[in-house]
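S.K.: Have a look at this prediction, sequence included:
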Amino acid sequence: MDLPKRKTDIGPPNYRDFLPPVISKNYGDWKYHEVLSPGVMVHHAGSGEKIWTVRVASPRLLSTDTVRELADIADKYCGGYLRFTTRNNVEFLVSDEAMLCPLQLELNDKKYMIGGIGPRISNIVHTQGWVHCHSAATDASGLVKALMDEFADYFTTKELPNKVRLAVACCTNMCGAVHCSDIALVAIHRKAPKVNHDSVKNTCELPSTIAACPTGAISPDSSKKSVKINDDKCMYCGNCFTVCSCLEINNPDFDGVAIVAGGKVGSLRSDPKFSRLVVPFIKNNPPRWPEVVEAVSNILDAYAAGAKKHERVGEWIERIGWEKFFRITGLKFTYQHIDDFTIARETFRTSAAFKW
Amino acid sequence: MDLPKRKTDIGPPNYRDFLPPVISKNYGDWKYHEVLSPGVMVHHAGSGEKIWTVRVASPRLLSTDTVRELADIADKYCGGYLRFTTRNNVEFLVSDEAMLCPLQLELNDKKYMIGGIGPRISNIVHTQGWVHCHSAATDASGLVKALMDEFADYFTTKELPNKVRLAVACCTNMCGAVHCSDIALVAIHRKAPKVNHDSVKNTCELPSTIAACPTGAISPDSSKKSVKINDDKCMYCGNCFTVCSCLEINNPDFDGVAIVAGGKVGSLRSDPKFSRLVVPFIKNNPPRWPEVVEAVSNILDAYAAGAKKHERVGEWIERIGWEKFFRITGLKFTYQHIDDFTIARETFRTSAAFKW
Amino acid sequence: MSTESDTPLLDELEKGPFPSFVSEIKKAAAKNKMALDELKQLEKSYRDKRGYWKHGGIVGIRGYGSGIIGRHSSLPQEFPGVADFHTVRVNSVSGFFYTSDSLRQICDIWDRHGSGLLNMHGSTGDIILLGTSTEKLEPVFAEFSSRGWDLGGSGSSLRTPSCCIGPARCEWANIDTLDIIYNLTQEFQDEMHRPAFPYKFKIKAAGCAVDCIGAIARADCSIIGTWRGHIVVDQSAVAEYAKQGMDIQAEIVNLCPTGCMVYDGRELYINDEDCSRCMHCISRMTKALRPAGEKGATILIGSKAPFVIGATLSWVLVPFMKLEPPYDEFKALLKKIWEYWDEHGKNRERLGELVIRRGMREFLEFVGVKPSPQQVKEPRRDPFFYWKDEDFRRQ
Amino acid sequence: MSTESDTPLLDELEKGPFPSFVSEIKKAAAKNKMALDELKQLEKSYRDKRGYWKHGGIVGIRGYGSGIIGRHSSLPQEFPGVADFHTVRVNSVSGFFYTSDSLRQICDIWDRHGSGLLNMHGSTGDIILLGTSTEKLEPVFAEFSSRGWDLGGSGSSLRTPSCCIGPARCEWANIDTLDIIYNLTQEFQDEMHRPAFPYKFKIKAAGCAVDCIGAIARADCSIIGTWRGHIVVDQSAVAEYAKQGMDIQAEIVNLCPTGCMVYDGRELYINDEDCSRCMHCISRMTKALRPAGEKGATILIGSKAPFVIGATLSWVLVPFMKLEPPYDEFKALLKKIWEYWDEHGKNRERLGELVIRRGMREFLEFVGVKPSPQQVKEPRRDPFFYWKDEDFRRQ
Amino acid sequence: MPTIEFNGKQIEIDEDGYLLNLDDWSKEIGEIMARQDEMVLTDAHWEVINFLRQYYEKYQIAPMIKILVKEIAKVMGSEKGNTKYLYELFPDGPARQACRYAGLPKPTGCV
Amino acid sequence: MPTIEFNGKQIEIDEDGYLLNLDDWSKEIGEIMARQDEMVLTDAHWEVINFLRQYYEKYQIAPMIKILVKEIAKVMGSEKGNTKYLYELFPDGPARQACRYAGLPKPTGCV
Ligand code: SRM
Ligand code: SRM
Ligand code: SRM
Ligand code: SRM
Ligand code: SF4
Ligand code: SF4
Ligand code: SF4
Ligand code: SF4
Ligand code: SF4
Ligand code: SF4
Ligand code: SF4
Ligand code: SF4
């Protein structure tokens, strides 16, 4: 097949060519919106015009078949206009109110999950995992599927005190927004990398490898033209592996998932927050990671029961205090929870006021 | 004169021998207290007995004459029992209510300042300064005197939203509790130390000197058996001078006082807080440091006007935000205010929500 | 038994209500060998609890240093379909808007040259075309670029900027996030395609402090819309919310972080001077409350994932900047930022790490931004700080 | 003119209502040459805006390595009276209680052997006898020790422990601060007088979280009284406060950091489970509210002034410990702490700095304290952490 | 593993064409690699390749692009001190082409 | 400045008795200093003094007390490895006496 002529540096297409006419017309002139159901909302423009949005869940990893199906549905009900959200859901942009109901019926028929709008669980931001990344210490897609099956009702119907943003990162590079999520999973290692000395000298830049280590655990092994790792200093972060493939960090017997919680990115009510460690480790147990699902459910239930309306997970925890969080969730507090990294001392409790 | 036989390791006298009888009897059984006036309070014991306290200001640096006078007064009105507070005030411990009035009259006669109890300014915690310390970049006693003259009414009569704890440290060793005070002064240098190379080798331990520098500005100068200082890295903290007298840091033309604010030590309402930099520098202007007094007054006035009842300076500032604090006090925000020391990044504003 | 599945573990993940990525792979595998081997290798990963991808991979298209992530299976004999399995990062559309035709176009190309699997979208915001071989890269690129699509960033380059839906469908957008991102992406094509930075650089734009794109947590430069002015209160709409059961005191007033609201049971008052524009009240009472005044953005810098010094959130650099086409003031700032980074950044040192390492002052002076209390949560605590000769002169 | 003062600058500091330290020096100077030269040298400092003391000075008394701060004038010719001007740190009485006789005793000795100037008290809590010469040190010590007074700490030793007035006159003391401090001081005389630590070590005890001794900010080991139990509310006293004009909602309930109080306009309810025992409400309504239940203390470690890593506040080590004579559990802990510090501390490294440098785990394991959420404000944020083999076994 | 034939010897390379054993490098290897890309190495190319090798020998790392660009400006004139020229010289880019021809380890990490 | 007379030479010391010029030290100087304190230096004293000098020469710092105490334990037996014994040997303490006799710089700082 003949190839067309390539162009370079043209950049992406212009978004203006992809907007539904009602959006083009009312661009920047929206007045308010109403959430009509967990998966449907309507935005009102100054002109009086409206745009309806119907949101469905997506596993993010799609086949072209499915994308074509989405396109077909969009053609049928919304002039071919649709978008993806920043959390990888699909939004059908409906300009004709009459289409709302038939669209939803067809989506239901085709087993799409409609929902995710409002104070509930939306899609889980996640990354490649075993599907595509060399660095993965778990699979992201599998975890997401297992969790979302469990929390499906929170997507389609049930409410929570506020949005709960879940995320999964398959290694500590954290390509998701795990570090600022309400509840998130991050895969970790628990054994120092094994150095494949023979390859190091042909494959790795020693200074970069040494500089990659946050704890200074790596030093040159000049006799071998390689590096050596001080096991006592290594905290298994895997950054050295990122720059030097000969430092094998994967270790199926010891790899698994940590749970962090209490982060957020918006500035509403309280400043953006980092997620904090709540469960240091759960072994990988594919295909459905039941222990992880249970632990997340436990936290979610406690939040649902304890938080005030509009409180995010982190706001709730900060109000009741981490000590109470650990008590009511029954999660074990371990040495791993106590920070010993760069800003450790800022996390120590420098107060005589706390709960039992 | 013949000397008595010395003893060692006997420790301090037993406090029990110094307690007024009513305290000994009701030790640990106090029920509540009432503040009767800015310098007088009464504590009620479970037994129904009471102890009155009359507090007067002290410059802390006392002559034996004055101490004897205090002793005489104590003899006259309170069976010889008195104490000093943790902020260096004198407290007469009165067991006989009838003595309260005559005691105060005599104290007034003798020009003692009665007060300091309740939500007001108490004595200023301070250190040696030019009176006794080699390290001093200002005089502490003089600053305290100048400030307390200005704020005398806040000691003797006027109220504030809460206690305001002032402190003065005459160098960054900060022998006072400057780092956790409502408003405090700390003397600083602004020029790197001058190295007296000739003496270094006979006087200083090079490794200790080098290790003393928080910024790694000091390195060995082996040719001179001395050290050299990287002026660009030096932040004039003076820690090297503490371990090596040959690194002369005093520089009258550049030394002076910084003002910090918003600290506290108690855990009431909010966690203990560090004081933060509000005025990076004011030149030493003895004997009365008028610019310092004015700057502190300015902050105090803003606090008095803006804080809610029971709010400490730091609580008030945190409620209104530092950006508003700088606006309403008119203090200039400079490069110096932005942290670049160990936990700098924790002080950066990681939020889109702030005031103009 | 011939009915036994080859992928018993993954099959488990076809159960349950949430759409299954396994079903997606299977759909692709039905007509694509690469996808089939992806499926099989993944099953093995599930069995062995480990990935089977080789480290790294350096492949690409001519004239570009970025846009392709090289990937090779570590079991190429067993799974030849994924011996090469590179991803192509296609620069998505601002706001992630598509037409059905454009999606079909993407699918058609990808079915012809790749695995038939894709992510809509990757975390940075690219269309991630998941898996093709080295020799297919040029064809893929030719097909896409000739139809108006270009590659996104990878490597030590500007990464594909992205944004929230903003003014396209949101009443709270203070800036035109879509246009800004489109304009910047066009302007900095070279920075995106030919890596020349010390490390990656990400830009994300949110229309307001709600930050629906997570800009503050994962962009070296975060643009967040805001306004200088006040909040207009429509008291009759307030009354309507109350009537419909909103507990305005509990849900709005008590949660206002600055305590600048008063509700007397009938009307709602906002002391605008004290409002920090956090967006809570506005987001909960969108019919009643509206930002008014000069619109613009806060420019923040420095957020990133945890390596090497721990995760950072972006912090305020410029509290307020007007952002109108052609965005010259912002672009000039960005270039200064890059210049600074270029001059001082170490290999694999993100901008935020650099500024933390060397301190804000030098950076502010270099990029020409004044110190302001909005840049900090609080001033420094320890009495150790630098002076320059010009500071002495200034006094 | 003969009427012109020698100390015009200092004279300025005799004006104004606050008692003047200059007048004090003058009083002493009237009969003491050392004090006179102190006055004159100080005037010179005020003129030149700098101190005139030499660095350091190592003097002391036999058998002790601490208790005296050596001090020499850098202008001994000009001010011979302060050529030597050492301070003597006399260990004060728990709670800073004195009788008039004891004060006179101190004055008598000091007039005989020193400058006649003293601080009541130094920041650490010693009686600071300000200025004497080297040859007077032994006599001073003999006079004091023979009368039951001993020296306090200095150098790399245990420093004079101190405490708030506690049960002697305060209704909120949960522990006997005076007795604890007295007992510890007696027990650890050797550690105080013969410096053998890596650096100084300070202990301060406060009877409750109000912390009237500033223990949390300036003690390597801070003992802060607390209780496990609840707050007893006397509703009639609550009503009395309300009657006298206290706005209980605004002043108490709204300022409760945990939001665990409810006031219905008549009665005050506390959800004790959520109370953090911050002491605010109790301190404002002392007649109405009273802690009840098991009394003890929180043990915190690590606070200090800013060198080298920046100021630190003490943090929780043991959330709750009973503290009753002879305080064996606490003493055993203290010894373990010192042992750890002794083993790992560098020269001039305070305990807190050491624990920050090496991490809490090793320290906790060494001193035998379990990890608990009370020790932290919040768990770690970054997913980097250590595992030991025993952790694997534990699971 | 793929190989390059050189002087009758099979030189091992990885799937992306980088030498598996850095000691195998020689000028000719560089040239063979270039030829396979249908490129002819000019002096300008060699300036860059040699600079890369020297830099690597000295620091054991490949230079950052900005350093490479500066070096090119030094040898080729300042108007050529930019990435554009670098990509004109090595259309596949410094990592994929110049480092490979120079026999440096395969760049990793940041993608 | 005060001095010590030794071999007809005036050796300068500071107001606390420490050598102003460390090179002036000799065994005899140490002994003169001790004599002025009415002390006679035994082998045990010299063990400590020599250890101090060696340590200082090696590390350019005076050892921390804990190290000194350990050293004493080594030479004198473990029952003497404590500060008490150190003060029996040097009643004015290691800083004020042992370091001074050993001709080390005057200890500073932590007081
Ligand atoms: C579609 C989307 C923007 C886009 O460009 O794609 C979007 C759209 C809206 N967001 Fe958002 N947000 C979207 C991602 C986010 C994110 C980013 C993220 O999750 O990674 C956040 C930040 C979360 C955080 O702080 O960690 C976010 C925090 C919010 C909030 C604040 C919630 C809070 O109180 O903390 C609101 C306000 C609200 O819920 O009333 C909001 C409100 C809205 C509104 C109501 C704005 C409007 O007037 O149109 C939109 C529909 C709300 C909804 O879904 O409930 N949106 N929203 C994103 C949908 C993601 C999804 O599929 O679920
Ligand atoms: C006498 C003294 C203890 C001693 O052992 O000497 C003392 C005594 C009392 N303090 Fe205090 N405090 C004393 C130093 C402190 C300190 C330490 C300091 O200032 O360095 C603090 C911590 C300050 C901080 O947090 O930075 C302190 C913070 C308080 C507070 C908390 C104020 C607040 O709300 O933040 C109270 C409670 C109150 O005021 O209702 C308090 C209450 C009290 C009470 C009412 C306790 C009682 O029931 O007897 C005593 C009289 C109060 C008064 O003076 O207003 N005391 N008090 C100290 C007097 C110092 C002075 O001369 O002024
Ligand atoms: C594809 C994607 C994950 C996904 O499934 O969505 C991804 C995948 C990889 N990331 Fe990422 N990152 C992706 C978004 C992110 C994000 C989120 C974002 O951009 O908003 C982050 C956190 C934010 C940040 O930049 O800090 C992120 C932080 C990293 C890091 C850590 C960087 C750091 O400074 O700490 C690395 C390591 C590196 O750069 O060497 C990394 C490296 C990688 C590599 C290239 C693996 C490696 O070590 O070389 C992954 C390739 C996987 C593969 O083979 O497909 N990825 N990476 C995301 C890009 C898709 C896209 O272009 O749309
Ligand atoms: C006398 C006193 C100040 C006062 O006027 O009250 C004092 C005076 C000195 N302190 Fe201090 N410190 C005094 C309490 C403190 C405190 C407060 C406390 O103990 O509660 C602190 C802060 C808390 C702490 O320990 O961190 C304090 C932190 C320092 C430091 C910094 C220590 C650090 O780790 O950062 C030094 C420097 C040093 O140790 O070399 C220091 C050093 C000094 C020296 C010895 C000067 C020096 O560099 O060698 C001062 C001797 C002055 C003199 O000639 O009279 N002084 N020093 C206080 C002791 C009186 C007493 O025994 O009652
Ligand atoms: S989080 Fe780690 S494993 Fe997952 S895609 Fe990113 S780099 Fe790969
Ligand atoms: S895994 Fe992390 S801590 Fe361990 S050696 Fe590698 S870079 Fe260092
Ligand atoms: S603060 Fe500094 S100058 Fe003042 S007494 Fe302490 S060490 Fe001396
Ligand atoms: S003054 Fe402080 S920063 Fe400067 S050289 Fe000395 S120790 Fe270092
Ligand atoms: S960030 Fe603000 S402007 Fe953008 S979509 Fe979210 S709410 Fe709307
Ligand atoms: S935007 Fe936030 S700070 Fe401003 S009034 Fe609303 S809730 Fe309060
Ligand atoms: S700390 Fe507590 S117990 Fe001690 S005096 Fe202050 S209020 Fe009373
Ligand atoms: S002690 Fe503090 S936390 Fe407890 S009820 Fe009173 S104010 Fe609230």
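M.R.: Structure's in. What do you need? Ligands and ions are numbered 1, 2, ... in the order given.

S.K.: Up against chain E, what does chain C have?
M.R.: Contact residues (CB under 8 Å from any CB of the partner chain) of chain C with chain E: C:54-60, C:62-66, C:69-70, C:72, C:83-84, C:134, C:154-156, C:190, C:194-200, C:342, C:347-348. For glycine as for every other residue, the C-beta is placed from the backbone atoms N, C-alpha and C.

S.K.: Tell me how many other residues surround the residue of chain C found nearest ligand 12.
M.R.: Nearest residue of chain C to ligand 12, counting by CB to the nearest ligand atom: C:Asn254, 16.7 Å away. Number of residues near C:Asn254 (other CB atoms under 10 Å in any protein chain shown) recorded here: 15.

S.K.: SS state for it?
M.R.: Here C:Asn254 is recorded as helix under DSSP: H, G, I helix; E, B strand; the rest coil.

S.K.: Equivalent analysis for A:His33, please.
M.R.: strand.

S.K.: The residue lying closest to it once chain neighbours are set aside: how many residues sit nearby?
M.R.: Distances taken as CB to CB, 6 or more residues apart in numbering or on different chains put A:His43 closest to A:His33, at 4.4 Å, once the chain neighbours are dropped. Neighbourhood size, A:His43 [other CB under 10 Å]: 24.

S.K.: do C:Arg290 as well
M.R.: That count, for C:Arg290 with other CB under 10 Å as the rule, works out to 18.

S.K.: That one looks like it's in a strand, true?
M.R.: Yes. Looking at C:Arg290 with three-state DSSP, it is inside a strand.

S.K.: Which pLDDT value does the model give it?
M.R.: What the model reports for C:Arg290 is a pLDDT of 97.

S.K.: Contact partners for it?
M.R.: C:Arg290 makes contact with C:171, C:231-232, C:234, C:282, according to CB atoms under 8 Å, 6 or more residues apart in numbering or on different chains.

S.K.: what bridges to it?
M.R.: Beta-bridge pairing for C:Arg290 (DSSP bridges): C:Val232.

S.K.: any idea how far ligand 3 is from it?
M.R.: 31 Å (CB to the nearest ligand atom, to the nearest Å).

S.K.: Also A:Val279?
M.R.: In this view, A:Val279 and ligand 3 are 22 Å apart by CB to the nearest ligand atom.

S.K.: now swap in C:Ser372 and tell me
M.R.: Taking CB to the nearest ligand atom, one finds C:Ser372 at 26 Å from ligand 3.

S.K.: I'd like to know which elements the one helix or strand A:Asp301 maps to is packed against.
M.R.: In the assignment (DSSP states H and E), A:Asp301 maps to helix A:290-306. Here helix A:290-306 touches helix A:140-150, strand A:183-188, strand A:256-261, strand A:276-283, helix A:313-320, helix A:322-329, going by 3 or more CB pairs under 8 Å, 6 or more residues apart in numbering or on different chains; DSSP states H and E.

S.K.: anything in that helix near ligand 1?
M.R.: No. Helix A:290-306 is not in contact with ligand 1 by CB under 6 Å from any ligand atom; minimum separation 13.2 Å.

S.K.: and the closest residue to E:Ala34 other than its chain neighbours, helix, strand or coil?
M.R.: Excluding the flanking residues, the one nearest E:Ala34 by CB to CB, 6+ apart is E:Leu41, at 5.0 Å. Secondary structure assignment for E:Leu41 (three-state DSSP): coil.

S.K.: got any ranges where the stretch 51-200 of chain A has weak pLDDT?
M.R.: By pLDDT under 70, the stretch 51-200 of chain A has no low-scoring segment.

S.K.: Look at whatever residue of the stretch 51-200 of chain C ends up closest to ligand 8 and say how many residues are nearby.
M.R.: Closest to ligand 8 within the stretch 51-200 of chain C is C:Pro198: 28.2 Å, counting by CB to the nearest ligand atom. Around C:Pro198 there are 25 other residues, counting by other CB under 10 Å.

S.K.: Over to A:Pro21?
M.R.: By other CB under 10 Å, 12 other residues sit near A:Pro21.

S.K.: so who does it touch?
M.R.: Taking CB under 8 Å, 6+ apart as the test, what A:Pro21 contacts is A:79, A:95.

S.K.: Give me the distance between it and A:Lys31.
M.R.: 18 Å (CB to CB, to the nearest Å).

S.K.: And C:Met120, by the same measure?
M.R.: Separation of C:Met120 from A:Lys31 (CB to CB): 30 Å.

S.K.: Same check on A:Phe281?
M.R.: A:Phe281 is 49 Å from A:Lys31, by CB to CB.

S.K.: more crowded one of these two?
M.R.: A count of neighbours by other CB under 10 Å puts A:Phe281 above the other of A:Phe281 and A:Lys31, at 20 against 15.
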